[in-house]
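1. let's see this in three dimensions:
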Amino acid sequence: MSDLSIPYFHTAPLNEQQAAEICEWVYEPPYDIYGWMSWDQMQELEIEFGDPELRQQQYLAVLDAKEELAGFAQLFPLQQTIRLGIGMRPDLCGNGYGTEFTLAVVRTAIQRNPEAEIDLEVLTWNQRAIRTYQKAGFHITDTYTRRTPDGMKPFYCMIYNKQTS
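-> Coordinates of the predicted model:
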């Protein structure tokens, strides 16, 4: 019998109610940079999952075994690559769920395009996320700086090794 205290994660289309809920999440520093603007602003500006068409095309809800919203993912299509953007509900962060959560998103990306490379970007200081991604089968392939709301910051590009899956 499985341990019910460990959630099983799966993905589903991200609906408007879930998108609005994500905008209310508050992360502890230094992870607070991952917060979103208000849902009203996201809709008014039609950015990210505030744009209904973009939400339908690229965003997923990550649900636990009780069908509760545990996080979200963006599957951003590049040439022959799917770039993942991943966000877990703040109260779940740091509890050891990250690898299983990440792999639920990876499974969906592979289902959408089995031939595509899967990668993600992560700030170099975010060692908690980097360790999680490594456990899920990603490895660092590149380091570069990129513009963020707080100026230029160093990032790693990490690629998923499908051979380990």
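2. alpha carbons only for contacts and neighbour counts from here, please
-> Will do.
3. ok, for residue 130, nearest residue in space, not its chain neighbours?
-> Among residues not flanking residue 130 along the chain, residue 122 sits closest, at 7.2 Å (C-alpha to C-alpha, 6 or more residues apart in numbering).
4. partner strands of whichever strand or helix holds the one you found, parallel or antiparallel?
-> Assigned by DSSP states H and E, residue 122 belongs to strand 117-123. Strands that pair with strand 117-123, judged by DSSP bridges, come out as strand 81-88 (parallel), strand 151-160 (antiparallel).
5. with respect to residue 37, which of those strands lies nearest?
-> Closest of the strands paired with strand 117-123 to residue 37 is strand 81-88, at 14.4 Å (criterion: C-alpha to C-alpha).
6. tell me the helix or strand right after the closest one.
-> Remark: after strand 81-88, the chain's next helix or strand is helix 98-112, criterion DSSP H and E.
7. average model confidence for that next one?
-> Average pLDDT, helix 98-112: 96.
8. re earlier: need the strands paired with strand 117-123 in CSV with mean neighbour count, mean pLDDT and distance to residue 132, can you?
-> Compiled in CSV, the strands paired with strand 117-123 are given as follows (neighbours: other C-alpha atoms under 10 Å; pLDDT from 0 to 100; distance: least, C-alpha to C-alpha, whole Å):
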stretch, mean neighbour count, mean pLDDT, distance to residue 132
strand 81-88, 20, 97, 12
strand 151-160, 17, 96, 12
